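A.B. asks: Build the 3D model from these lines:
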Amino acid sequence: MLGHISFAQSIDYNTKKGYAANGYDVVAYFDGKALIGSKEFSTKHDEVNYKFSSQENKNRFIANPAKHIPQYGGYCAYAVAKSGKKVSINPETFEIRDGKLYLFYNSGRTNTLKLWTSEAPNQLQVIADKNWQKIKNK
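C.D. replies: Got it, this is the predicted structure:
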């Protein structure tokens, strides 16, 4: 007897504007740049749409998606750590730490990247990792 197995998206990704990272190029972040992606260079991974600024970046993503996918489903890393909540991000506020992409909320006087870096990011990262395990499928 065969059981029904579903391979639907298991993680709740932040797909504001229909794309991961609000349509920004997740590969470009690793080059230190926040670049808006183009529909011309888009692909889908784990049922999530991604846009890239060039064919080269799209190819880099396809070759190793796990390396480029934002941590915590693309939600604000600081909010996941501090409150265990999924908060939208400003796609131009990011950090590459230990080879991973972290995105942050930044609006008005609140820049959570500054808070993250001033409040022991290595400890916050451990807390966020634990919190994400509890909320990633909700």
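
A.B. asks: hang on, P91 packs against A21?
C.D. replies: Yes: P91 lies in contact with A21 (Cβ atoms under 8 Å); the separation is 5.2 Å. C-beta here means a position set from N, CA and C on the backbone, and glycine is covered the same way.

A.B. asks: Poorly predicted segments of the chain, please.
C.D. replies: Applying pLDDT under 70 to the chain picks out residues 1-9.

A.B. asks: Tell me where the longest helix sits in it.
C.D. replies: helix 121-135 (DSSP state H).

A.B. asks: quick one: buried residues of that helix?
C.D. replies: Using 16 or more other Cβ atoms under 10 Å as the test for burial, helix 121-135 gives 121, 124-125, 128, 131-132.

A.B. asks: tell me which of those residues is nearest to G99?
C.D. replies: Q125 (12.5 Å; Cβ to Cβ).

A.B. asks: who's in contact with that closest one?
C.D. replies: 77, 81, 97 (Cβ atoms under 8 Å, 6 or more residues apart in numbering).

A.B. asks: Contacts for stretch 79-90 next, please.
C.D. replies: By Cβ under 8 Å, 6+ apart, stretch 79-90 touches 12, 14, 16, 21-22, 72-76, 103-107, 112, 116, 124-125, 127-128, 131-132, 134-135.

A.B. asks: Got the domain ranges for the protein?
C.D. replies: 13-68, 70-138 (automatic domain parsing).

A.B. asks: Strands along the protein, start to end?
C.D. replies: 38-45, 48-52, 90-97, 100-104, 106-107, 110-111 (DSSP state E).

A.B. asks: Of all those, which one comes closest to K67?
C.D. replies: strand 100-104 (8.3 Å).
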